[in-house]
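Student: one predicted model, sequence on top.
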2 protein chains.
Amino acid sequence: MSIVESPVSADTAADTPQDRLRLAKEAARAAARLTSGKKAAALDAIADALLANSARIIAANAEDLARGERNEIGAGLLDRLRLDEKRVAGLADALRDIAKLPDPVGEVIRGHRMPNGVNLEQVRVPFGVVGAIYEARPNVTVDIAALALRSGNAVVLRGGSAALSSNTVLVRVMRDALEARGITPEIIQSVDAFGRDGAKALMHGRGFIDVLVPRGSAGLIETVVTESTVPVIETGAGNVHIVLDESARDDWAREIVVNAKVQRPSVCNAAETVLVLRGAAERLVGPVSAALQAEGVTIHGDETVQQLASGIVPATEDDWATEYLSLDIAFKVVDTLDDAIAHIRRYSTGHTESIITNDLANAEHFLAEVDSAVVLVNASTRFTDGGEFGFGAEVGISTQKLHARGPMGLPELTSTKWLGRGAGQVRI
Amino acid sequence: MSIVESPVSADTAADTPQDRLRLAKEAARAAARLTSGKKAAALDAIADALLANSARIIAANAEDLARGERNEIGAGLLDRLRLDEKRVAGLADALRDIAKLPDPVGEVIRGHRMPNGVNLEQVRVPFGVVGAIYEARPNVTVDIAALALRSGNAVVLRGGSAALSSNTVLVRVMRDALEARGITPEIIQSVDAFGRDGAKALMHGRGFIDVLVPRGSAGLIETVVTESTVPVIETGAGNVHIVLDESARDDWAREIVVNAKVQRPSVCNAAETVLVLRGAAERLVGPVSAALQAEGVTIHGDETVQQLASGIVPATEDDWATEYLSLDIAFKVVDTLDDAIAHIRRYSTGHTESIITNDLANAEHFLAEVDSAVVLVNASTRFTDGGEFGFGAEVGISTQKLHARGPMGLPELTSTKWLGRGAGQVRI
């Protein structure tokens, strides 16, 4: 271990979650100092280490899977939990992609010379310590650690207990890979071993955690936002709407609704409710419903939808507020575009909404009035994604208005500071 | 009152703080729709109304002052509380200045065409509802309301109870001026009348308050940050350091320390601690101390400082952590520049630090290693200010790393959203 870059040894046994936070804060100085090249090399080294330790990782994951089966956590969760050789290789590939991303640290965002001659510039700097609380998806462990490292931050991880064995091995492999390159492994911390106390320490880590990113269910996010005394970026919850305007083209309405619902139903940018203008209901409800049903989608419709199509499940009030994340969709007829916008204001989580229209005034009205992170015209809601937006990687999709909104890339994992270079100037 | 822009009448008596939040949220839609010209005209109209109601405002303020004197709140607080004709005119001038600032809303920050042809752009939008909790300074009432309005936001104000009469009249005058121009007065709300319940409603206003800005003492800010479940921007607390390097020029060291302490001691960018490198102590401690003492400053020094200058009060551990906001300063000798940086890491609030040096390597080391919102070389810490930075107005000085860091201008009172215009694209 390099003496210069590893002021804190892994051997000084950290035995409380607060100790791990303290180690991360100390290591953040070393992380911030790493050059872009050194960070990229470290990420490549972690990718190599994951491949070299693939068998060990999969063995640990098998323990989690066996426990998950005993606890009957369900097929969906088991699938998200599972790591096999192909998925480990996928993690390694993702690391190499992140290593290639431009380093946001050091970017000069703006600057000018003050009238008195002081040269001012605002530069991008790492946050310091990024905290992450997430559910039983071991890929998030690697993903968040890599994004934090690329942007010069230390990270404190708290994954779901169902992935404890997998995460323990993944964190050890990543830390060992850093140490082998002479970088302090304390840059990557986990508080998984401390159970709920670990999560609590993160949420109350004032002075240690610079930003906390929850990733997972709406319930997890709500808990973190409500309980935390550290700054949080809310991510993910997506009750996503598509509005079919009177002027909507039949083919675009059908194709976009089907794509937005069916292409990957389990993710936050999948559509959950379709609102159709009354003037287009007779023309569109039948064909759109049939196209959805042909893909196995269950439609929860209001009375008019039930009249205009067959096989419709009656919708209840709950359906308008539900993020199904499954092959279900709510379908409602509204009188006017403003009624559609009012419905969205009431039920949307502010993630993504799209309108299918050929009317310019309606398109612009929708873009201006809908207060969501991403507002689309004639495009699938599935485009709300860091990769699709060209960010190369995605930290998450922010549904709050502070700091970052919508898909977040590496620059969203940084802060800024102002540097001023003078020659004896004082304020008059 | 215009029917279109004033959906909610002031007469539908709002009798809980939550009602006021709800009114603000509804009015935020109208605020976001106001054009730049209309907002500027509204601010000018408020300025006119303040001048026309100057006598009424000063009479209400006299009630607050009389109560303050009875409660013996102290000369400093009384001075901050006081409004006279000149100060009311100053408020009107500030409004006209804010009216002239560029409108941040609608600015296209970045954009590109996705490979599939969807045109993406990220545009600046108002937050929605800005909350403010502050102390007994009635000028803040006008200042925050004006900044919120210029940036297209509704605002919910909670000022100190010692300024209740002044704030009540100021809010009424501002609301009446909006209404007279056909703009819904519900854009400006106050929860002063509800006492502590008003502050609590703001801090727990999830879904209603998009960002909460506390302005005042460190204690107030700490309470707001800890208790709030809405996003907060921490502002203000400034335990500000100046480091005198071995290579510091005598005149710059003396002039900058004196300016940073004396020019306006009661504000957050005033210097509170001077750290001098041991190698420069004999040369600098005497002259810098004498220059400070000539301006009436009490110096709280460590043992070496006590030996090198006369009239020094012995410093205790508390002095290193104190934001005096008065004609007091702490003075300490350190062995190395890294010791100075370590002291800053331990005691600084992350507001502003400056080094006086002629050594390029030391200057760059200080700029890189000090993790504060503003880091200066050979310049007074008093420059950390929205006006000095050329922002035209100042919302406050953020000492957190999320969203905004350092002096905040109008753009820092906005969020963004992504607009995507497609032609039937779906995700493959």
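Tutor: Nice, I can see it. Numbers count the residues shown, from 1 in each chain, chains lettered A, B, ... in the order given.
Student: farthest residue from the center of chain A?
Tutor: A:Ile428 (47.4 Å; CA atoms, centre = their mean).
Student: can you say which helix or strand has that residue in it?
Tutor: Taking DSSP states H and E as the definition, A:Ile428 sits outside all helices and strands.
Student: what about A:Val333, neighbour count?
Tutor: 25 (other CB atoms under 10 Å in any protein chain shown). (Each C-beta comes from the backbone N, C-alpha and C, glycine too.)
Student: give the contact list for the nearest residue to it once chain neighbours are set aside.
Tutor: In space, and not counting its chain neighbours, A:Val333 is closest to A:Thr304: 4.2 Å by CB to CB, 6 or more residues apart in numbering or on different chains. For A:Thr304, the contact set (CB atoms under 8 Å, 6 or more residues apart in numbering or on different chains) comprises A:278, A:281, A:285, A:333.
Student: and if we set it to 10 Å?
Tutor: Residues in contact with A:Thr304 (CB atoms under 10 Å, 6 or more residues apart in numbering or on different chains) are A:276, A:278, A:281-282, A:285, A:312, A:331-334.
Student: same list (these) but as TSV, adding secondary structure and pLDDT.
Tutor: Formatted as TSV, these follow (DSSP: H, G, I helix; E, B strand; the rest coil; pLDDT from 0 to 100):
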residue	secondary structure	pLDDT
A:Val276	strand	98
A:Arg278	helix	98
A:Ala281	helix	98
A:Glu282	helix	98
A:Val285	helix	98
A:Ile312	coil	98
A:Phe331	strand	98
A:Lys332	strand	98
A:Val333	strand	98
A:Val334	strand	98
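Student: which of these count as buried?
Tutor: A:276, A:281, A:285, A:312, A:331-334 (16 or more other CB atoms under 10 Å in any protein chain shown).
Student: chain B: which of those residues is nearest?
Tutor: A:Val276 (17.3 Å; CB to the nearest CB).
Student: specify the beta-bridge partners of the nearest residue to the closest one once chain neighbours are set aside.
Tutor: The shortest distance from A:Val276 to any non-neighbouring residue, by CB to CB, 6+ apart, is to A:Leu244 (4.2 Å). Under DSSP bridges, the beta-bridge partners of A:Leu244 are A:Val276, A:Ile356.
Student: repeat that for A:Ile329.
Tutor: Residues in beta-bridge contact with A:Ile329 (DSSP bridges): A:Ile299.
Student: so it touches A:Asn239, yeah?
Tutor: No: A:Ile329 is beyond contact range of A:Asn239, at 11.5 Å (criterion: CB atoms under 10 Å).
Student: tell me which of these two has more neighbours.
Tutor: Legend: neighbour count by other CB under 10 Å for A:Ile329 and A:Asn239, higher for A:Ile329 (29 against 23).
Student: need the contact list for A:Leu21.
Tutor: A:14, A:129, A:131, A:154, A:156, A:189, A:191, A:198, A:201-202, A:204-205, A:207-209.
Student: pretty sure A:Thr414 contacts A:Pro102?
Tutor: No: with contact defined as CB under 10 Å, A:Thr414 does not reach A:Pro102; the gap is 11.9 Å.
Student: quick one, which of those two is more surrounded?
Tutor: A:Thr414 (21 against 12).
Student: wait, what's in contact with that one?
Tutor: Neighbour list for A:Thr414: A:103-107, A:123-127, A:151-153, A:211, B:401 [criterion: CB under 10 Å, 6+ apart].
Student: perfect, that will be all.
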